[in-house]
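K.L.:
How does the following fold in three dimensions:
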Amino acid sequence: MIKITLPRRAPARPGFTRAGGRHWQDNLRALPYGCHPLAASIAEDEDGYCWTGETFTADRVNNAGASCVWDHDCYSPFGRGYCIPDRGTAWTFGVCVIEACDFDGMGAYCAEADDKICEPQGAGKLSLCLERCDDPGGGMGPDHGCSRLDYACYPSVTGAGAGVCLPGCDFDADCRAFFDIVEIDCDVPSGTCTPDPRF
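P.N.:
Model prediction:
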């Protein structure tokens with residue numbers, strides 16, 4: 001069992017849980033509680049803790065990858081969906097995501113059949129469910145599998161030829177803002193950034 005220090009604004013009845021091979025969402029205490037994953041323990045049997053769900057919404061259509069302004073614009077199974085806003089980030093016009101999509105039992109909420117892909121975010125970070133595309137490096141918009149005109153189809157770090165829709169670029173500055181590095185350029189025909197620092 002991993003212990004963590006809970007913030008002071010916590011409810012009076014927090015609890016800890018371990019997935020133990022079961023679907024981690026089955027460890028719900030009582031709504032609006034949910035089992036929150038710990039990014040630091042992704043490789044250690046998916047530890048988590050019981051806490052109030054960050055975002056419970058009435059939306060029942062998976063819109064991961066769609067534009068958004070508020071968390072409540074996004075589909076949020078078990079309170080794991082939210083909006084990455086465009087203010088202060090390079091996610092233009094915001095994007096809906098579902099985090100921890102590779103945790104036990106979450107695959108159904110980020111399915112290829114729904115044009116979604118569960119994209120790893122690197123060591124110590126939770127995976128994000130985003131829109132899937134079928135023409136990595138091909139260009140921006142619906143012709144290349146991204147429903148949003150401002151998003152381009154990038155290769156997925158999961159491999160197997162899959163693609164993931166990420167903010168497209170028109171200028172080098174777009175890439176430098178999104179990836180927060182200087183040595184990167186915009187490949188204008190594809191709308192993607194190169195070299196891709198995710199690989």
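K.L.:
and I84, how many neighbours does it have?
P.N.:
16 (other CB atoms under 10 Å). C-betas here are computed from N, CA, C, even on glycine.
K.L.:
okay but it is in contact with I98, surely?
P.N.:
No - if you go by CB atoms under 8 Å, I84 and I98 don't touch, sitting 11.4 Å apart.
K.L.:
Which stretches in the chain count as strands?
P.N.:
Ranges of strands in the chain, per DSSP state E, are 15-18, 33-37, 47-52, 81-84, 95-99, 116-119, 128-133, 151-155, 163-167, 185-187, 192-194.
K.L.:
mind putting those strands in JSON lines, distance to W70 included?
P.N.:
What follows is the strands of the chain, written out as JSON lines (distance: least, CB to CB, whole Å):
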{"stretch": "strand 15-18", "distance to W70": "29"}
{"stretch": "strand 33-37", "distance to W70": "19"}
{"stretch": "strand 47-52", "distance to W70": "18"}
{"stretch": "strand 81-84", "distance to W70": "6"}
{"stretch": "strand 95-99", "distance to W70": "10"}
{"stretch": "strand 116-119", "distance to W70": "21"}
{"stretch": "strand 128-133", "distance to W70": "18"}
{"stretch": "strand 151-155", "distance to W70": "20"}
{"stretch": "strand 163-167", "distance to W70": "19"}
{"stretch": "strand 185-187", "distance to W70": "29"}
{"stretch": "strand 192-194", "distance to W70": "28"}
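K.L.:
can you tell me which of the ones you listed comes nearest to G141?
P.N.:
Taking CB to CB, strand 151-155 is the member of the strands of the chain nearest to G141, at 7.5 Å.
K.L.:
Can you tell me which helices and strands the closest one packs against?
P.N.:
Applying 3 or more CB pairs under 8 Å, 6 or more residues apart in numbering; DSSP states H and E, one finds that strand 151-155 contacts strand 163-167, strand 192-194.
K.L.:
from those, which stretch is densest packed?
P.N.:
strand 163-167 (a mean of 26; mean count of other CB atoms under 10 Å).
K.L.:
which residues are contacting it?
P.N.:
65, 90-92, 117, 119, 130-136, 144-148, 150-156, 174, 178, 192 (CB atoms under 8 Å, 6 or more residues apart in numbering).
K.L.:
Partner strands of it and their direction?
P.N.:
The pairing partners recorded for strand 163-167 under DSSP bridges are strand 128-133 (antiparallel), strand 151-155 (antiparallel).
K.L.:
Format these as CSV; extra columns: mean pLDDT.
P.N.:
Output for those, formatted as CSV (pLDDT from 0 to 100):
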stretch, mean pLDDT
strand 128-133, 96
strand 151-155, 95
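K.L.:
Need those in CSV (columns: distance to D196).
P.N.:
Shown next, in CSV, are those (distance: least, CB to CB, whole Å):
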stretch, distance to D196
strand 128-133, 15
strand 151-155, 7
